[in-house]
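Engineer: Sequence first, predicted coordinates after that:
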Amino acid sequence: MRDFSRVKRVVVKIGSSSITHENGRLALRKIDLLAKELADLHNSGRDVVLVSSGAIAAGVSALHLKKKPSRTAQKQAAAAVGQGALIQLYEKFFLEYRQSIAQILLTKDVMDEPCQRENAMNTFEQLFAYGVIPIVNENDTIATDEIGFGDNDRLSAYVAALVQADLLILLSDIDGLYTADPAKNPEAPMLKEVREITGEVEAMAGSSHSDVGTGGMITKILAAQIATEAGIDMLIANAAEPDILERVFDGEALGTYFYGKPKDRA
Ligand code: GLU
């Protein structure tokens, strides 16, 4: 059993593939269930941040494109269309559970520039004080290689460090970190916990990529590096597991748990 009683502030990241159907359109029931679980987590007395991908997927669907475009301007245009649609849906479902939300769009330079960083931090703190769940995404319209996070796995780790969260949960379409890519090697066992991110652990991440999102296991390990260095524990778990967040917080040993470095050495 894991004990999450000390976890008072949690950042949850959901990947595009976990809130879309195989045809790329938004999976309303999944978004509804996520909103319910997060509102309940908040009701249990915790500060909650959601980092949600899905803007590009929502835009692709709204623009009736056949698949995710490859050119940057097309992806950014799709994200600009989709971000509003995505937040509108979250607003609708969270409202049903009497939970206020906010939208925060970030780029990496905000994290690196002390004044902007402090502003962002103060905004998060004020939102927590107001009892709001901030929903974060990358500001895809202006994100370029220079100022972009690259993917929402890393973005969520930076956000967890920014708000000094106790725990980061990456909800994905995979149960956790396997010793080898389970698509190629079905016998490969899943790790229950990782105490140190060694070269061996990095090698296990391979290069698994999903079609809808931008991350694979590699970006999750990069996120784990950022989070654990900042003294934050991180969990990779499968978004498709029923009542996943409730079960995690009840102590069920689901997914792969990465231990953050002790805060004084972080
Ligand atoms: N910001 C992108 C979106 O909302 C997702 C990036 C990612 O999944 O890593 O579509």
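Structural biologist: Okay, I see it. Nothing here was measured: the structure is a model prediction, and the numbers come from that model. Numbers count the residues shown, from 1 in each chain.

Engineer: Check what contacts stretch 253-266 and list those residues.
Structural biologist: Under the criterion Cβ atoms under 8 Å, 6 or more residues apart in numbering, residues 1-2, 175-177, 190-195, 197, 224, 227-238, 241, 244, 247-248 lie in contact with stretch 253-266. C-beta coordinates here come from the backbone N, C-alpha and C atoms, glycine included.

Engineer: Which parts of this structure are helices?
Structural biologist: 28-43, 55-62, 72-96, 108-112, 114-129, 152-162, 199-204, 217-229, 244-249 (DSSP state H).

Engineer: so can I have CSV of those showing mean pLDDT?
Structural biologist: Shown next, in CSV, are the helices of the chain (pLDDT from 0 to 100):
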stretch, mean pLDDT
helix 28-43, 97
helix 55-62, 94
helix 72-96, 95
helix 108-112, 92
helix 114-129, 97
helix 152-162, 97
helix 199-204, 89
helix 217-229, 95
helix 244-249, 96
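
Engineer: which bits of this protein sit near the ligand?
Structural biologist: Residues of the chain lying close to the ligand (Cβ under 6 Å from any ligand atom) are 15-16, 53-57, 79, 137-138, 140, 151-152, 213-215.

Engineer: returning to that earlier point: which of the contacts of stretch 253-266 are buried?
Structural biologist: Buried by 16 or more other Cβ atoms under 10 Å: 2, 175-177, 191, 194, 197, 224, 227-228, 230-237, 244, 248, out of those.

Engineer: among these, which are in strands?
Structural biologist: 194, 233, 234, 235, 236, 237 (DSSP state E).

Engineer: tell me the pLDDT at the fourth one?
Structural biologist: Looking at residue 235, its pLDDT stands at 98.

Engineer: From the ligand, how far off is it?
Structural biologist: According to Cβ to the nearest ligand atom, to the nearest Å, residue 235 and the ligand sit 18 Å apart.

Engineer: Quick check: that residue touching residue 248?
Structural biologist: Yes. Taking contacts as Cβ atoms under 8 Å, residue 235 lies within contact range of residue 248: 6.7 Å.

Engineer: Now list whatever residues contact both of the two.
Structural biologist: 169, 254, 255.

Engineer: with those residues in mind, which one is nearest to the ligand?
Structural biologist: Of all the shared contacts of residue 235 and residue 248, the ligand sits closest to residue 169, with 15.3 Å by Cβ to the nearest ligand atom.

Engineer: The closest one and residue 12 touch, don't they?
Structural biologist: Yes. In this structure, residue 169 is within contact of residue 12 by Cβ under 8 Å, at 4.8 Å.

Engineer: hey, what's in contact with both of the two?
Structural biologist: residue 245.

Engineer: Now do residue 30: how many residues are near it, please.
Structural biologist: 16 (other Cβ atoms under 10 Å).

Engineer: Excluding covalently adjacent residues, which one is nearest to it?
Structural biologist: Counting by Cβ to Cβ, 6 or more residues apart in numbering, residue 19 is the residue found nearest to residue 30 once chain neighbours are left out, at 5.2 Å.

Engineer: give the contact list for the one you found.
Structural biologist: Residues near residue 19 by Cβ under 8 Å, 6+ apart: 26, 27, 30, 31, 34, 52, 53, 54, 57, 239.

Engineer: can you do 7 Å?
Structural biologist: Contacts for residue 19 (Cβ atoms under 7 Å, 6 or more residues apart in numbering) come out as 26, 27, 30, 31, 34, 54.
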